[in-house]
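Trainee: Give me coordinates for this.
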Amino acid sequence: MAEPAVLVEDVHKAFGPTRALDGVSLEVPRGSMLALLGPNGAGKTTLVRVIATLLTPDSGRVTVAGLDIESDRLAVRRLIGLSGQSASVDERLSGRENLALAARLYHLGRREGERRVGELIERFDMGDFADAPARSYSGGMRRRLDLAASLVSRPEILFLDEPSTGLDPVSRAQLWGEIEALGREGTTVLMTTQYLEEADRLADSIAIIDSGRVIAEGTSSELKGEAGHWFVELVAADRSQVHAAAETIVALVETESDPRIHEHSGRVRVAVGDGRVHLDDLTARLDADGIAIAELALRQPTLDDVFLALTGSAAEPGDESVAPPGGQP
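Mentor: Numbers count the residues shown, from 1 in each chain. Purely as a prediction, here's the structure:
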């Protein structure tokens, strides 16, 4: 079998009494994209910094393209690119000058550096603002510039630490398109994210990390399958009827789980095992009980369901939470 692009074996890293990484093991095959999914403080950024040779692990072993990150540090750095959580751009310089500076740091040479800068300006559609100072850039423009700078050396392996955090939906979609293009070109990508949709859309495989440990791994479909149940999801037209709607659903379907109710939105979700539910029968029963329905659907588990099942909290910032019966959102 081919040597994986990244191999992490039983890595530990502590900062004083805090165990940031507590025995992490994972691998990223060459040419694939792995999303490391987890909440703030889970250890995602620490792991990326270790793999990228910016931190030394307390114990364990990490190789990048077969090279040890400690004994072959400089060789590893020649193979990788890194885009951190905050766009690392010099606000006094233009986008073109920022890229030229990166080219010089990578010792590309004047002619090759100019050619590479021109390629990246064209690729990231920066022509209209390439010569403007970076301090005038929007958040999305800065992120595109930062990603472009991480690609100056044509890295075999790219690390993206929460690449789209804080971006508006349009900028996020543009950035996702660029990341997808990198995957099609064969670049190995390890990205950290708190956004479930980002992991679901971009990654070939996902590792969920919590409290410094990898608690689940697999493709999106495999992880959703581990949730083990489908859901009936209903939105009551009259929010005051949401508890009555939950009682009706529970009385009709086979479930061992309590319904999850969000009183503010009038939404109720009930786990229903293998998904064998006749929505026509349920609609008739709800109508007979005088419960008006705004929405009714049978849904497969989502990555959010997986994360909730594994950690007890939602992964995506700003995600609307649900409470048990009688609880508050």
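Trainee: Distance-wise, check the residue most central in space within the chain relative to Asp289.
Mentor: In the chain, the centroid-proximal residue (C-alpha atoms, centre = their mean) is Thr193; its distance is 2.9 Å. The span separating Thr193 from Asp289 equals 42 Å under the rule C-beta to C-beta, to the nearest Å. Backbone N, C-alpha and C define where each C-beta goes, glycine included.
Trainee: what's the average pLDDT for stretch 13-31?
Mentor: Confidence over stretch 13-31, taken as the mean pLDDT, stands at 94.
Trainee: Kindly export that stretch (C-alpha atoms) in PDB.
Mentor: Taking C-alpha atoms only, stretch 13-31 is exported to PDB below (Å, rounded to 0.1, in the frame of the first residue of the first chain):
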ATOM      1  CA  LYS A  13       0.400  17.200  23.700                       C
ATOM      2  CA  ALA A  14      -0.300  19.100  26.900                       C
ATOM      3  CA  PHE A  15      -0.100  22.700  27.900                       C
ATOM      4  CA  GLY A  16       0.400  22.600  31.700                       C
ATOM      5  CA  PRO A  17      -2.500  20.600  33.100                       C
ATOM      6  CA  THR A  18      -4.500  20.800  29.900                       C
ATOM      7  CA  ARG A  19      -4.300  17.800  27.600                       C
ATOM      8  CA  ALA A  20      -4.800  19.300  24.200                       C
ATOM      9  CA  LEU A  21      -4.100  16.000  22.400                       C
ATOM     10  CA  ASP A  22      -4.700  12.800  24.300                       C
ATOM     11  CA  GLY A  23      -3.600   9.900  22.100                       C
ATOM     12  CA  VAL A  24      -4.700  11.000  18.700                       C
ATOM     13  CA  SER A  25      -4.200   8.500  15.800                       C
ATOM     14  CA  LEU A  26      -5.300   9.000  12.200                       C
ATOM     15  CA  GLU A  27      -4.100   8.900   8.600                       C
ATOM     16  CA  VAL A  28      -4.800  10.800   5.400                       C
ATOM     17  CA  PRO A  29      -4.300   8.900   2.200                       C
ATOM     18  CA  ARG A  30      -2.600  10.700  -0.700                       C
ATOM     19  CA  GLY A  31      -4.800  12.800  -2.800                       C
END
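Trainee: got the contact list for it?
Mentor: 2-12, 34, 43, 46-47, 50, 55, 57-58, 60, 65, 157, 186-188, 190, 207, 209, 211-214, 217 (C-beta atoms under 8 Å, 6 or more residues apart in numbering).
Trainee: ditto for stretch 130-140
Mentor: By C-beta under 8 Å, 6+ apart, stretch 130-140 touches 87, 89-96, 98, 121, 129, 142, 145, 166-168, 170-172, 174-175.
Trainee: thinking again about what came up before, what remains of the contacts of stretch 13-31 if I keep only buried residues?
Mentor: 4-8, 11-12, 34, 43, 46-47, 50, 55, 57, 60, 65, 157, 187-188, 190, 207, 209, 212-214, 217 (16 or more other C-beta atoms under 10 Å).
Trainee: Among those, which lie within strands?
Mentor: 6-8, 11-12, 34, 60, 157, 188, 190, 207, 209, 213-214, 217 (DSSP state E).
Trainee: Would you point out the most distant pair within these?
Mentor: His12 and Thr188 (24.3 Å; C-beta to C-beta).
Trainee: Quick one: residues contacting the residue nearest to Gly60 when sequence neighbours are not counted.
Mentor: Nearest residue to Gly60, sequence neighbours excluded (C-beta to C-beta, 6 or more residues apart in numbering): Val11, at 3.4 Å. By C-beta under 8 Å, 6+ apart, the contact list for Val11 reads Leu21, Gly23, Val24, Ser25, Leu47, Val50, Pro57, Ser59, Gly60, Arg61, Val62.
Trainee: Among the contacts of stretch 130-140, which ones are in helices?
Mentor: Gly95, Arg96, Asn98, Ile121, Arg142, Leu145, Val170, Ser171, Arg172, Gln174, Leu175 (DSSP state H).
Trainee: Dump the residues you listed into JSON lines; add pLDDT and distance to His243 as well.
Mentor: Listed next are the ones in helices among the contacts of stretch 130-140 as JSON lines, based on pLDDT from 0 to 100; distance: C-beta to C-beta, whole Å:
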{"residue": "Gly95", "pLDDT": "92", "distance to His243": "55"}
{"residue": "Arg96", "pLDDT": "94", "distance to His243": "60"}
{"residue": "Asn98", "pLDDT": "93", "distance to His243": "56"}
{"residue": "Ile121", "pLDDT": "93", "distance to His243": "58"}
{"residue": "Arg142", "pLDDT": "88", "distance to His243": "47"}
{"residue": "Leu145", "pLDDT": "90", "distance to His243": "51"}
{"residue": "Val170", "pLDDT": "85", "distance to His243": "39"}
{"residue": "Ser171", "pLDDT": "83", "distance to His243": "40"}
{"residue": "Arg172", "pLDDT": "85", "distance to His243": "36"}
{"residue": "Gln174", "pLDDT": "85", "distance to His243": "43"}
{"residue": "Leu175", "pLDDT": "86", "distance to His243": "42"}
